[in-house]
Each structure stands twice: as structure tokens, then as C-alpha cells.
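> Here is the input, now give the coordinates:
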Amino acid sequence: MKLKVFNPGIHLICLLFLIAGLPLANVGYKLPLVTLIKLPYFIVQTVIKNIFLLIVILLVVMFFWLLIIKLFQTIPAIMSGKSFSDAVRYSWFEMSAKKIRHLTLVFLTNLIVLLLLIGLVFCIQTLVDRVPFFSARVSANLLIVFFTGLLYGATYELLRCIFRNSFSGQEKIFAPFFEHKISIKQILLAIVSIICIGLISSISTNNFFPVINRRVLIISHKGSNGNNGVPNSLQSLKSTSRLKPNYIEVDVRYTKDHQFVVMHDDNLKSLTVKNLKPEQATLEQLEKITMKAVGHQTKITSFQKYANYAWNHGQKLLVEIKTPSISQKYESLSKVFLSKYGKSLVKHHDLIHSLNQGLINSIHKKDPNLKVGFIISYNTESLPHKGNNFYTIEYSTLDNELVGTVHRQGKRIFAWTSDDALSMHWLSVMNVDGIITDYPQKLKTILKTPGRFYYNQALLFYMLNIRQIY
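This is a model prediction of the structure:
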């Protein structure tokens, strides 16, 4: 019987297998197609913070993987001549509980070995970081090559064990290693293969730590420094400005009476008890509302008051303009904003960025003296060239190729939002122009020693949050 290539059932099974590979790709296994899909860290972070949502997702993933394992032999059964329905039934009963336990053990064993290798690479780089006469960057890049090759080896071994346990009836996970004596020649061949594969992959994706030729700017996200006040408020601005970050990022929204208020969300519900959008109220009404967050409370403030305080204290601003749903005509929005603040922003060397490229183009066209940037929530390797002086990108999808592309355009690149020491160390050696963080004091401490970088931390972050590898 011929295999019906256009059988919808076969395509459904293939799609399920592709989706099942996503978690593996996100921990580093090199599987075709799914390797190209990475979850931005801000999405992962949102899930982790919600325990109930995390538990539900884990249960769904476990159920989904169990379903995939039970259907694992469907396509081979179809290729052997069975109909789709018969193949599904065959696979369902063939994949017994015993085989499922063995497959689970295979995966866990492979993952543990991979984690041990990560620990070994980290220890080697830690030693090199403390040797003054050896280049830590060169060592880290050599270890990237080696680790990349190991990932391909781990993927091969995982798939080999899965297929052996699923189809051959072999139930001894380590059997192939003990059945035949491994010679020195085979070991050397394996090492050379790992290095060659890792080198080809790393070169093809430019996946190395670059030469650092710029000073990283410290940018406070929403004016925060930890839990020092309600984000996007005069309260937090006054506290954070004493730290003197290079920039304080602030979010502004359009009000009903064509004013601008300091606010991140498009609804006040998360910070107040009111189910109200900023564009549905006047500035006077909004300024009477109290916000509560991280154990603090304060009134909503106008952007005029916020900016005046920053300017009077020599604090530069990175202004993110949020476009409200009732004001998609960004031409009029940009005209009002520039008429109120354009000259002052230029005078104080402030920056503007937004998720709305049309708005940024409009501002740049009306006032080329203002430095404007486009916010990218996911790295697609495709950048709009016109109207931008810089780019702000979600840090977990950033890679060396993107940084190089932006710099070749003569523009700057900022990474948001890095709050843990590990990602800060990684970004500090990625040659970015600025790091946006809720913890500028922590970042300042990491960056305080010029020329001293901890590549072991950066390499660990790289290995735990695998960058672009094909």
C-alpha cells in the first residue's frame, strides 16, 4: 500500500511532533524547524510568576507529551501499509507503560549528562577568568564551539536512544556503550567531529562573544530601582535619580483632554481599583487617583511634572510613547506631543522610543533633531531602516548578529528588561549600547570595574538560554 502523502491525519501527527519538540529546542536540543522558535523571556517570566498558570501549563505539557509518545509509532505503521486509523490504534497499544518509563528515563539521563557538561564548561571558564595573561573572551568563544558540538551530540544520542527503545525492543539505555570496547581512535574521532560541527555552526550564525568597543549605558525601567516606589511615578523618579543612571525610562499615555500622563498599562485596574483607560479620563481626573504597588502608594502624575523634575535635576529621560486605542492617528498624537515637549526633550538630550513605527516615523519627520527608536519585542532579524536612531529589543532573543547589524547601520541598540545578574553579565559582553533594568544599582555594581568582565557568568547564561544555533 502506498503512503498517502496528503493524508490530513499524517500532517496532524507531524504538527503535533513539531509542537512537542518546542520544549526540547528551548533547552538546547538541536531539532530541525523547532530550533528557530524561541520564547521571549518576558513571556516565560510572566508564566513563572503565576504559580497556578505554571502548574496548569506543566500538566498540559505532560499530558501532551504522553499523547505524543502513545502516537510515536503512527507514521512508521502507516508506512508499513496500515490505514491511518489502524496505525493510531497500533501505536497506542504498542507504546506500553514500560516503554514510556524507559523513554522518560532516557530523556532524564541525557538531560543530566548535558547539565553536568554545562557545569564542566562553566568551571573551565571560571578558572580562565582568573588568569590575567589569557584572554577570557577567546576562551569563552572556544568553549561555545565545543558546547555547540556537544549539543548536536546530545541531540543525536537522545534521538538514537528514543528510536532504539521505541522500535527495536532494546530496553538497556547504556547497552551500546558496554557491548563493544571503545578505542582511543574512536574517542579522538568523536572529539574532532564535535569540534568541527560546533565550529561550522558557530561560524555560520556568528555566534561568538564580540570585541567590546563601547560603554554600556544604565537605563532604569519605569524609573525603578528595585522596590523603591510605585513604577512610573514621581515617587520612584526622585529616589532613582539620586543613583544617576544614564537614562530613566518613562511611559506616557494620551488623555481625553489631549494631555500626557505617566502610565504604562492601558488600564488603571492593575494599580488602582478603577477599571478605566487613561484616554477615557482627563488629566485632572487622573491626577486625583492613587496608585498602589510593591508596598508603596502615590498619586498618578502628569508627564509635564515628571519631566520638569528630571530636567531640574539633570536626569536624562528615555520616553516611551504608548499609543491608545482611540488615537491610532499617530500624526495628530505626534504633533501635540512635539508642540508640548519637543524643544525641551532636544535641549536635555532625551530619547523617545515606541512600539509604533508609524509614530516614530512621524516624530522623526517633524523633528529630525530628536533621537528616536523602535521597540522590538521579538528578534526576527528584520529591522526597519528609516526613521530610527536606535533599537530597543527584548534581551532574551538578542544575538550577536543583530547587534552587529545595528552597529553597521551606525545606530545604537538597547536591551530590555534585564533584572538578574546572570543576564546582566551576558549583556555586558554582548557589546550592546544600553541595558534597561528594574535594578540599576545592581547593574551599576556589575559594570563598576572598567575592563573587568565575567565571561563565566555570560557563558552560563548562554548555555542555559541557548542563542541562535542551527
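
> what ranges do the strands span in the chain?
Counting by DSSP state E, the chain has strands at residues 217-220, 247-254, 260-262, 290-293, 296-299, 317-321, 351-354, 371-376, 390-394, 412-416, 434-437.

> a markdown table for those strands, including mean neighbour count?
The way it works is simple: take the backbone N, C-alpha and C, and place the C-beta from them, glycine included. Putting these into a markdown table (neighbours: other C-beta atoms under 10 Å) gives the following:
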| stretch | mean neighbour count |
| --- | --- |
| strand 217-220 | 24 |
| strand 247-254 | 24 |
| strand 260-262 | 26 |
| strand 290-293 | 16 |
| strand 296-299 | 15 |
| strand 317-321 | 24 |
| strand 351-354 | 24 |
| strand 371-376 | 20 |
| strand 390-394 | 23 |
| strand 412-416 | 24 |
| strand 434-437 | 26 |
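
> Compare those strands and give me the one nearest Ser91.
Among the strands of the chain, strand 390-394 comes nearest to Ser91, with 39.4 Å by C-beta to C-beta.

> And for the closest one, what's in contact with it?
40-42, 351, 353, 371-379, 383, 402, 406, 411-416, 433, 436 (C-beta atoms under 8 Å, 6 or more residues apart in numbering).

> tilt between that strand and strand 371-376?
With axes from the mean of the first three to the mean of the last three C-alpha atoms, to 10 degrees as the basis, strand 390-394 and strand 371-376 are set at 30 degrees to each other.

> Within the sheet, what are the partner strands of strand 390-394, with directions?
If you go by DSSP bridges, strand 390-394 pairs up with strand 371-376 (parallel), strand 412-416 (parallel).

> nearest to Met79, of the ones you listed?
That would be strand 371-376 among those, by C-beta to C-beta, at 42.9 Å.

> Average pLDDT for that closest one, rounded please.
Taken as a whole, strand 371-376 has a mean pLDDT of 95.

> can you check stretch 284-304 too?
On average, stretch 284-304 scores 95.

> what's the answer for stretch 329-347, then?
On average, the pLDDT along stretch 329-347 is 93.

> Could you do stretch 254-270 as well?
Here the average pLDDT along stretch 254-270 is 93.

> end-to-end on it?
With C-alpha to C-alpha, to the nearest Å applied, stretch 254-270 spans 18 Å between its terminal residues.

> Report the buried residues of it.
Of all the residues in stretch 254-270, those buried under the rule 16 or more other C-beta atoms under 10 Å are Tyr254, Thr255, Lys256, Gln259, Phe260, Val261, Val262, Met263, His264, Leu268.

> and of those, the nearest to Ile10?
Each of the buried residues of stretch 254-270 was scored against Ile10 by C-beta to C-beta, and His264 proved nearest at 46.5 Å.

> and the residue lying closest to Ile321 once chain neighbours are set aside, bridged to which residues?
Nearest residue to Ile321 in three dimensions, chain neighbours excluded: Ser354, at 4.7 Å (C-beta to C-beta, 6 or more residues apart in numbering). Listed by DSSP bridges, the beta-bridge partners for Ser354 are Phe374.

> Correct me if wrong: Ser354 contacts Ser377.
No - with contact defined as C-beta atoms under 8 Å, Ser354 does not count as touching Ser377 (12.0 Å).

> While we're on the nearest residue to Lys316 once chain neighbours are set aside, how confident is the model there?
The shortest distance from Lys316 to any non-neighbouring residue, by C-beta to C-beta, 6+ apart, is to Tyr247 (4.9 Å). At Tyr247, the pLDDT value in this model is 99.

> quick one: low-confidence ranges for the protein?
Along the chain, the model assigns pLDDT under 70 to residues 1-7, 9, 18, 20-45, 47-48, 165-180, 324-328, 381, 449-452, 466-470.

> how far away is Val250 from Lys411?
Distance, Val250 to Lys411, by C-beta to C-beta, to the nearest Å: 22 Å.

> Now do the residue nearest the centre of the chain against Ile57, distance only.
Nearest to the geometric centre of the chain sits Ser396, at 2.1 Å (C-alpha atoms, centre = their mean). Computed as C-beta to C-beta, the Ser396 to Ile57 distance reads 18 Å.
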